[in-house]
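*Asks:* Quick one: sequence plus predicted model below, questions after.
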Amino acid sequence: MIELRCAHRKFGNLRRPSGDAGLVEMLCSSRWCGHAQGVIVLHTFDTSTGSLVETRAFREPRKE
């Protein structure tokens with residue numbers, strides 16, 4: 001079993017890692033990863049290894 005986690009939060013476990021290199025994106029609510037009001041943080045994990053591939057932060061669109 002492989003854990004999907006960033007440096008500050010565990011997202012879940014992969015029971016059977018796929019042989020193909022697939023990617024999965026998870027929302028992170030940890031302020032240590034950059035989450036704040038108006039900011040969305042996305043972590044991308046490789047499903048074959050469970051390793052963190054990329055972290056991206058975006059501003060939420062303004063609601064009018």
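*Replies:* Nice, I can see it. Numbering: from 1, shown residues only.
*Asks:* tell me the contacts of Ile40?
*Replies:* In this structure, Ile40 makes contact with 27, 57-60, judged by C-beta atoms under 8 Å, 6 or more residues apart in numbering. From N, CA and C alone the C-beta is placed, and that goes for glycine too.
*Asks:* ok, 6 Å please
*Replies:* Residues counted as contacts of Ile40 (C-beta atoms under 6 Å, 6 or more residues apart in numbering) are 58, 60.
*Asks:* For it, identify the helix or strand it belongs to.
*Replies:* Secondary structure assigned from DSSP states H and E places Ile40 in strand 39-46.
*Asks:* List the buried residues of that strand.
*Replies:* Within strand 39-46, the residues scored as buried using 16 or more other C-beta atoms under 10 Å are 40-41, 43, 45-46.
*Asks:* and which of those residues is nearest to Met1?
*Replies:* Of all the buried residues of strand 39-46, Met1 sits closest to Phe45, with 14.1 Å by C-beta to C-beta.
*Asks:* That closest one contacts Arg5, correct?
*Replies:* No: the pair Phe45 and Arg5 fails to qualify as a contact (C-beta atoms under 6 Å) at a distance of 8.7 Å.
*Asks:* so what strands line up beside the helix or strand of the chain with the lowest mean pLDDT?
*Replies:* Every helix and strand in the chain was compared by mean pLDDT, DSSP states H and E; the lowest is strand 10-14, with a mean of 80. Strand 10-14 has these partner strands in its sheet, going by DSSP bridges: strand 2-5 (antiparallel).
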